[in-house]
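J.: got a predicted model here, sequence first, then my questions.
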Amino acid sequence: MGADAQIPTIDFSAEAASNLLSGSDSDINLRRQVRAALEGGGIFFLRCSESSTQSLVEEMMIGMKSLFDLPEDVKRRYKSTRPYSSYKGRESFMPLHESLGVDDAYLLESAQAFARVFWPEGNPQVSSAMNGINKMLFNLIYAILKVIFESYETGNRHESFAEKTVTSFRLLKYNLPPSGEAVGLGPHTDKCLLTILCQNDVQGLEILSRDGIWSPLVIPQGCFVVLIGESLQVWSNGRMRAARHKVMISGDRERYSCGLFILPKKDVIIEVPDELVDDDHPLLYKPYSFTDYLNYFMGNPKDDALETFAGV
Ligand SMILES: O=C(O)CCC(=O)C(=O)O
Ligand SMILES: [Fe+2]
């Protein structure tokens, strides 16, 4: 295990996000910072110090505890047609990990329908915590997506691209290992375009540097973690790189985390725009359907799946 990773921190706010989404252009300095971070390690901390933002995270952590405290058979009722989203818990290959995912929970009806699976009469506390945090994360992450497109001067593509996406909100709990340190979630790169994560104050996320060293992250209070996924790695013709990460668990307190993933809609074609191919950046990836790649990956869950499937 290496030293703590040095991750750039970028200041942002819910207000800045909503200004960007209602049409203002991003500041050149913000564009540079986001792009440098994502072309560097593929990750940054997004610092949002507004108290309203932090309250939404705290409410969600309380909601997650009440959900994951439910009996196993109740949690197993939750099934989703989206890959990796049905309830998973205490699988033999990942015994500490529990997770599930829900689509478009920034819509109140989706959050309420989700809560009714576990509490048939509804659970307004959980559904409103989930809806509140989803609206906030949705604004932050789509604003960052806009900044990315603007930083490559492909800003006008942002709107048409954003329409081709859905959001999946994942809720995760890591139970305690019997002793010492153990893997909570194995090494992987996210397949999506972009991920934003938050957690309770139990650390555990680790990142693999380009020179092959795993380092634990110390996520500062009031910060979200933003990670680039493989779909934007491809779109950027390899300029941005999806960072491999994992979760290690130790100590005596359980870790809860949740995150919003921007995913291409079913059958959307991921391809490198012409303006991102030049003599210095020859085309690295063939166009492909996101659904086909996910199906391929589920049958071949290897580290080099993206290169094998889509590499030129
Ligand atoms: O729990 C975390 O902080 C990381 C979760 C994660 O990497 C994932 O769900 O893809
Ligand atoms: Fe991940």
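T.: Received, thanks. Ligands and ions are numbered 1, 2, ... in the order given.

J.: do a quick rundown of the strands in the stretch 1-150 of the chain.
T.: Counting by DSSP state E, counting those that start in this stretch, residue ranges of the strands within the stretch 1-150 of the chain are 9-11, 43-47, 88-91, 94-103.

J.: which positions within the shortest one qualify as buried?
T.: It stands for strand 9-11. Under the neighbour-count criterion of 16 or more other C-beta atoms under 10 Å, strand 9-11 has I10 buried. Heads up, the C-betas are built off the backbone N, CA and C, glycines and all.

J.: direction included, what does that strand pair against?
T.: Taking DSSP bridges as the criterion, strand 9-11 forms sheet pairs with strand 43-47 (parallel).

J.: give me the residues contacting the partner strand.
T.: When contacts are taken as C-beta atoms under 8 Å, 6 or more residues apart in numbering, the neighbours of strand 43-47 outside the stretch itself are 7-12, 33-34, 37-38, 140, 144, 196, 207, 219-220, 222-228, 243, 245.

J.: now, which of these lie close to ligand 1?
T.: H245 (C-beta under 6 Å from any ligand atom).

J.: mind listing what the residue in the stretch 151-300 of the chain positioned nearest to ligand 1 touches?
T.: In the stretch 151-300 of the chain, the residue that lies nearest ligand 1 is S257 (3.5 Å; C-beta to the nearest ligand atom). S257 makes contacts with L172, Y174, L197, C198, Q199, N200, L205, V247, as judged by C-beta under 8 Å, 6+ apart.

J.: ok, 10 Å please
T.: 61, 64, 99, 170-174, 184-185, 197-200, 202, 204-205, 219, 225, 247 (C-beta atoms under 10 Å, 6 or more residues apart in numbering).

J.: any of those residues buried? List them.
T.: By neighbour count, with 16+ other C-beta under 10 Å, those hold 61, 64, 99, 170-174, 184-185, 197-200, 202, 204-205, 219, 225, 247 as buried.

J.: quick one on the thing from earlier: element containing the residue of the stretch 151-300 of the chain closest to ligand 1?
T.: For S257, the enclosing helix or strand under DSSP states H and E is strand 255-264.

J.: after that strand comes which helix or strand?
T.: Proceeding C-terminally, strand 255-264 gives way to strand 269-270 as the next helix or strand, assigned by DSSP H and E.

J.: next to ligand 1, which bits of the stretch 51-200 of the chain? Give me the list.
T.: On the criterion C-beta under 6 Å from any ligand atom, ligand 1 has as its neighbours in the stretch 51-200 of the chain the residues R170, L172, L185, D190, L197, Q199.

J.: my read: the third one touches I249, true?
T.: Yes. At 8.9 Å, L185 and I249 qualify as touching, with contact defined as C-beta atoms under 10 Å.

J.: please enumerate the shared neighbours of these two.
T.: Jointly contacting L185 and I249 under the rule C-beta under 10 Å, 6+ apart are L96, H97, Y174, G204, R255.

J.: hey, which helix or strand in the protein has the poorest pLDDT?
T.: Sorted by mean pLDDT, DSSP states H and E, the helices and strands of the chain end with helix 156-162, the least confident at a mean of 63.

J.: show me the shaky parts of the protein.
T.: For the chain, the stretches flagged by pLDDT under 70 are 1-4, 154-161.

J.: helices of that one, start to end?
T.: Shown for the chain, the helices assigned by DSSP state H span residues 14-21, 28-40, 51-68, 72-75, 108-118, 124-151, 156-162, 230-235, 290-299, 305-310.

J.: most neighbours per residue, which of the ones you listed?
T.: Comparing the helices of the chain by mean neighbour count (mean count of other C-beta atoms under 10 Å), helix 230-235 comes out on top with a mean of 24.

J.: helices and strands around that one, which ones?
T.: Judged by 3 or more C-beta pairs under 10 Å, 6 or more residues apart in numbering; DSSP states H and E, helix 230-235 is in contact with helix 124-151, helix 156-162, strand 255-264, strand 269-270, helix 290-299, helix 305-310.

J.: now those as a markdown table including distance to E109?
T.: As requested, those are exported to a markdown table (distance: least, C-beta to C-beta, whole Å):
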| stretch | distance to E109 |
| --- | --- |
| helix 124-151 | 9 |
| helix 156-162 | 21 |
| strand 255-264 | 18 |
| strand 269-270 | 29 |
| helix 290-299 | 25 |
| helix 305-310 | 35 |
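
J.: out of these, the one nearest C48 is which?
T.: Taking C-beta to C-beta as the criterion, C48 comes closest to helix 124-151 out of the helices and strands packed on helix 230-235, the separation being 7.1 Å.

J.: and the closest one with strand 43-47, angle?
T.: Computed by axes from the mean of the first three to the mean of the last three C-alpha atoms, to 10 degrees, the angle separating helix 124-151 from strand 43-47 equals 120 degrees.
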